[in-house]
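Visitor: The following block contains a protein sequence and its predicted model.
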Amino acid sequence: MDLSIIIVNWNTREMLRDCIASVAERIGALRAEIWVVDNGSEDGSPDMVRTSFPDVKLIANAENWGFAAANNQALRLATGRHILLLNSDTLVHGDTLAASVAFLDKTPTVGGIGCRVLNVDGSLQITCSRFPSLLNLALQSSGLNRLPGAFFDRYQMTRWDRRDAREVEVVSGCYLMVRRAAMEEVGLLDESFFFYGEETDWCRRFRNADWTLMLAPVGEITHFGGGSVKSFSHRRDVMLTAGIVRLHRKHFGVLGGLACWALLAGFNLSRAFAWSLLGMITSGPARKRGAHFRRVAADLPGVWPRQGI
């Protein structure tokens, strides 16, 4: 088998339908299998897959196991030489799948790749970056990343158009194709990450094992974004914060985790104060943002990882 494609789904039935269709239409001559792992959806997603795509291998969980654990269910069973993690709220274009497999076949030291990712309006989506180190997070949260110069833009590299091949430290799990041999060396995704941070941790482990990660000029996908978490509201930011803190706690110890927590707490508290103050003299968006950041700040004590490290 050339490629195993794994799609984790949670209540995105129609997006999932379109995603699978786009993949099925573009497999071409590849020997490929499609896995869907449904995390306890209540919108009829499993029945849709069974009815509309009977050849897709479906794992239907009774509850939401999280992104890492759900992917691992299929990773343990997948048979492809290469394995693609693909979000359910994506559309694959052109010959991206075949070009990605060909790229990995030609570059034996590369453990994983991402492709160019577009927003719905065709604009570029930033889906690869450096590791979210304390320096990179400080530049981002302080707004210094907007200053001219490669140093200030080092974290997300927003001025790079992603049309050429470049080594990167992190590839988003919305489209992350990995080499089986590399995965067998570093292991599966860390299931202590429920949602956010798991692919960043995986990428870190690939690089620690001397596998290269790249953004490759293999084609494009569209990523709608937020498909499974758009209803989470402030919980999405809380989970994102928790994932980043867990990354630092795991890779840099207790002091690294505490430093990361303090940095992100300062960011959220300062935003809560500023937007709340502005909301006292204006209305509309400022008040909503103030309320959002106050809710995030209130949940900050609970983001410290208590287990799984």
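Guide: Cool, got the structure. Numbering: from 1, shown residues only.
Visitor: Strands along the protein, start to end?
Guide: For the chain, the strands defined by DSSP state E cover 3-9, 32-39, 57-61, 82-87, 90-92, 110-118, 128-129, 166-168, 170-171, 175-179, 212-223.
Visitor: and the angle from the fourth one to strand 110-118?
Guide: Strand 82-87 and strand 110-118 are oriented at 30 degrees to each other (axes from the mean of the first three to the mean of the last three C-alpha atoms, to 10 degrees).
Visitor: Touching strand 82-87 from outside, list them.
Guide: 2-8, 19, 23, 71, 75, 92, 97, 100-101, 104, 173-180, 183, 199, 223, 227 (C-beta atoms under 8 Å, 6 or more residues apart in numbering). Any C-beta I mention is one placed from the backbone N, CA and C, and that applies to glycine too.
Visitor: I'd like to know which of the strands of the chain lies nearest to Ile281.
Guide: strand 128-129 (36.1 Å; C-beta to C-beta).
Visitor: which strands and helices sit next to that closest one?
Guide: If contacts are counted by 3 or more C-beta pairs under 8 Å, 6 or more residues apart in numbering; DSSP states H and E, strand 128-129 sits against strand 170-171.
Visitor: now do 10 Å
Guide: Judged by 3 or more C-beta pairs under 10 Å, 6 or more residues apart in numbering; DSSP states H and E, strand 128-129 is in contact with strand 110-118, strand 166-168, strand 170-171, helix 198-208, strand 212-223.
Visitor: Which one of the strands of the chain lies nearest to Leu139?
Guide: strand 128-129 (11.7 Å).
Visitor: coming back round to it: out of the helices and strands packed on strand 128-129, which comes closest to Leu258?
Guide: helix 198-208 (18.3 Å).
Visitor: Format the CA atom coordinates belonging to that closest one as PDB.
Guide: The C-alpha coordinates for helix 198-208 follow below in PDB (Å, rounded to 0.1, in the frame of the first residue of the first chain):
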ATOM      1  CA  GLU A 198      -0.100  16.600  19.600                       C
ATOM      2  CA  GLU A 199       1.300  17.100  16.100                       C
ATOM      3  CA  THR A 200       3.800  19.700  17.400                       C
ATOM      4  CA  ASP A 201       5.000  17.200  19.900                       C
ATOM      5  CA  TRP A 202       5.200  14.500  17.200                       C
ATOM      6  CA  CYS A 203       7.200  16.800  14.900                       C
ATOM      7  CA  ARG A 204       9.600  17.600  17.800                       C
ATOM      8  CA  ARG A 205      10.100  13.900  18.300                       C
ATOM      9  CA  PHE A 206      10.800  13.300  14.600                       C
ATOM     10  CA  ARG A 207      13.400  16.100  14.600                       C
ATOM     11  CA  ASN A 208      15.000  14.700  17.800                       C
END
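Visitor: avg pLDDT for stretch 106-116?
Guide: For stretch 106-116, the mean pLDDT works out to 98.
Visitor: Mind listing what's buried along that stretch?
Guide: Buried positions in stretch 106-116, judged by neighbour count with 16 or more other C-beta atoms under 10 Å: Val110, Gly111, Gly112, Ile113, Gly114, Cys115, Arg116.
Visitor: TSV for those residues, including distance to Ser276?
Guide: Formatted as TSV, the buried residues of stretch 106-116 follow (distance: C-beta to C-beta, whole Å):
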residue	distance to Ser276
Val110	47
Gly111	45
Gly112	42
Ile113	43
Gly114	38
Cys115	41
Arg116	39
